[in-house]
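Asker: Next come a sequence and a model predicted from it.
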Amino acid sequence: FNANNAANGSAIYVATTDLTLAGGNTIKNNGGSGAIYAKKDFTISADTNSFSGNGTDVALVYGAKVLRTGNSATEAMSMSINVADCTDGRVVVESATVYTDWSKITLTNLGKKLVQSTSDTKQLIIQSYTPYLNNGWKNQVTDYASITSIVFTNTKPTNGIVYNVGADTEEITANFTNDVLAYLDGTKLTFYSEGKIKFQTGAGGLFKGLSNCKTIDFGTGVIDTSNVINMQSMFYNCSSLMELDLSQFNTNKVTVMLGMFGGCSNLIQLDLNSFNTSNVTAIDSMFYDCSKLISLDLSSFDTAKVHRIGAMFKDCSNLTSIKFSDKFVTSAVVDGKYYRRLFYGCSKLTSLDLSTFSLNITSNADRATNIFTGCESLTEIKLPATIATGVTIQLPASDNNYSNCYYKDAWYVQNEYTKITEIASVSAGKTVVVGGTITYNTNDGTWASSYTAPTFYTFEQAVTLPTSTNITKTGFAFGGWFEKS
């Protein structure tokens, strides 16, 4: 058939079904939105199809994207193909009257690919495409141990040894193997691709062991982590990293963050406010040995599905504060072994608010007793709202704490002054503090009738001791209080 569109609209509109045009068709565009407006895949084959345009108007439109031709059907076509937002499809051009100059075909939108399968069939394949970074890229870049900086970019580097580090996946045909390139220039590694660099679903260990790497720049709009499920040990033992900007990370599908930053012993700050952890089930050892981190804001964390949390902050020896939100819950952590050593070695933590936690431990309760071991600076803990019967958690031993104080310190339930050594179900929802009792030797002095002397103190909280207006002794002047020695 002959199809000729008017100034507005298309000669052929493909809405819901695939289209195949046999031979003998003349498809002409006189302006408007194109000879063919296709929302579905279509194939044009046989040897007598003729495409023509009026002046510089388009002759063919695929998915509302333009294939431009010359001024006549006998002129070799020079196509500039914009495939932004295009679905997968193909255009086959085999015509005695239309000659395709393949060298003149250019891609005008990054993130998509146009491929000539063979010069004989003159078949063009348009595919929606995002190149993948092979999670095993270190198998290609064998000198990865010397890397000091990593950059992700869409600007092609001009220097360096080039490695193919693309990945074949179910989403990529063989035409697109190795479309992510790595350029190693001295100790700088640059990951480059025309479009966004997509991380594979299993991105565990992606940068693991890069102990000399000081910086990783993920760029802006360069990476795509939206399909990642596993980020286990992603930065494990990147012991030279001082900071990380992870604002480009999409963690919506991630289920595993176990050991993600473990061993990042020079990491000073970490902003995780962009993280969505609503599908994460394992965060154990996530910050293990991040020994230079001073504070952590985890207020964006939703841990409703987490069932493994052990050693999450183990050996964060400079950590002074952790901010949780009401979404940081532990109701799904029911095995005591997945609590063990949670704050082990956090020797500078002074207070913890665990009021959103739930110690609903149903098995291996004895494995959770060492949650606070080595937290020698802790002086206040807001306890979990729920603590299962039979669960006991040892509080940091008070005998060795605060050796500069004469009075033996101990843990007390706030406002009750009940001394305790372990957390149990009876203390759920309460706050415990380090404190002690005060005993006075009045040396036969007499207390003022309207005065009650303080008998309890908490660590680092000022207590006003009695003065000469509070205690008197006939014939003597009050000289102050002295520690028993």
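Answerer: Thanks, I have it. Numbers count the residues shown, from 1 in each chain.

Asker: which regions of the stretch 151-300 of the chain lie under the pLDDT threshold?
Answerer: Within the stretch 151-300 of the chain, the stretches with pLDDT under 70 are 168-178.

Asker: show me where the stretch 251-400 of the chain has strands.
Answerer: Secondary structure of the stretch 251-400 of the chain by DSSP state E, counting those that start in this stretch: the strands cover 269-270, 295-297, 321-323, 351-353, 358-359, 380-382, 386-387, 393-394.

Asker: and the fourth one, which strands flank it?
Answerer: Spelled out, it's strand 351-353. strand 380-382 (parallel) (DSSP bridges).

Asker: Also the first one?
Answerer: In the sheet containing strand 269-270, the strands it pairs with under DSSP bridges are strand 243-244 (parallel).

Asker: what's the answer for the third one, then?
Answerer: Pairing partners of strand 321-323, with direction, according to DSSP bridges: strand 295-297 (parallel).

Asker: Low-confidence stretches in the stretch 1-150 of the chain?
Answerer: Where the stretch 1-150 of the chain drops to pLDDT under 70, the residues are 1-130.

Asker: how does it look with 50?
Answerer: Counting by pLDDT under 50, the stretch 1-150 of the chain shows low-confidence ranges at 1, 7-8, 29, 31-35, 37-128.

Asker: that older thread, out of the strands of the stretch 251-400 of the chain, which one sits most buried?
Answerer: Neighbour counts (mean count of other Cβ atoms under 10 Å) averaged over each of these peak at strand 358-359, with a mean of 22. In short, each C-beta sits where N, CA and C put it, glycine included.

Asker: Need the contact partners of that strand.
Answerer: Strand 358-359 has contacts (Cβ atoms under 8 Å, 6 or more residues apart in numbering) with 329-331, 339, 368, 384-388, 391, 393, 423, 428.

Asker: Might one say that residue 209 is in contact with residue 237?
Answerer: Yes - if you go by Cβ atoms under 8 Å, residue 209 and residue 237 touch, sitting 5.3 Å apart.

Asker: Residue 298: what's it in contact with?
Answerer: Counting by Cβ under 8 Å, 6+ apart, residue 298 touches 272, 322-325, 328.

Asker: how many other residues sit next to residue 472?
Answerer: Here the number of neighbours of residue 472 (other Cβ atoms under 10 Å) works out to 13.

Asker: typo on my end, it should be residue 456
Answerer: 13.

Asker: is it in a bridge, and if so with what?
Answerer: Note on residue 456: beta-bridge partners residue 437, judged by DSSP bridges.

Asker: any idea of the pLDDT on it?
Answerer: Listed pLDDT for residue 456 reads 84.

Asker: What of residue 397?
Answerer: On pLDDT, residue 397 comes in at 72.

Asker: and what of residue 437?
Answerer: On pLDDT, residue 437 comes in at 80.

Asker: isn't it right next to residue 458, touching?
Answerer: No - counting by Cβ under 8 Å, residue 437 stays clear of residue 458, with 11.3 Å between them.

Asker: With neighbour numbers in mind, choose between the two.
Answerer: Set residue 437 next to residue 458 and count neighbours by other Cβ under 10 Å: residue 458 wins out with 17 against 14.

Asker: Got phi/psi on the more buried one?
Answerer: Backbone geometry at residue 458, expressed as degrees, to the nearest 10, gives phi -110, psi 150.

Asker: now do residue 420
Answerer: phi -140, psi 160.

Asker: Who are the contact partners of the closest residue to it other than its chain neighbours?
Answerer: Spatial nearest neighbour of residue 420, chain neighbours left out: residue 411 (5.3 Å); criterion: Cβ to Cβ, 6 or more residues apart in numbering. Contacts for residue 411 (Cβ under 8 Å, 6+ apart) come out as 395, 398, 419-421, 432-435.
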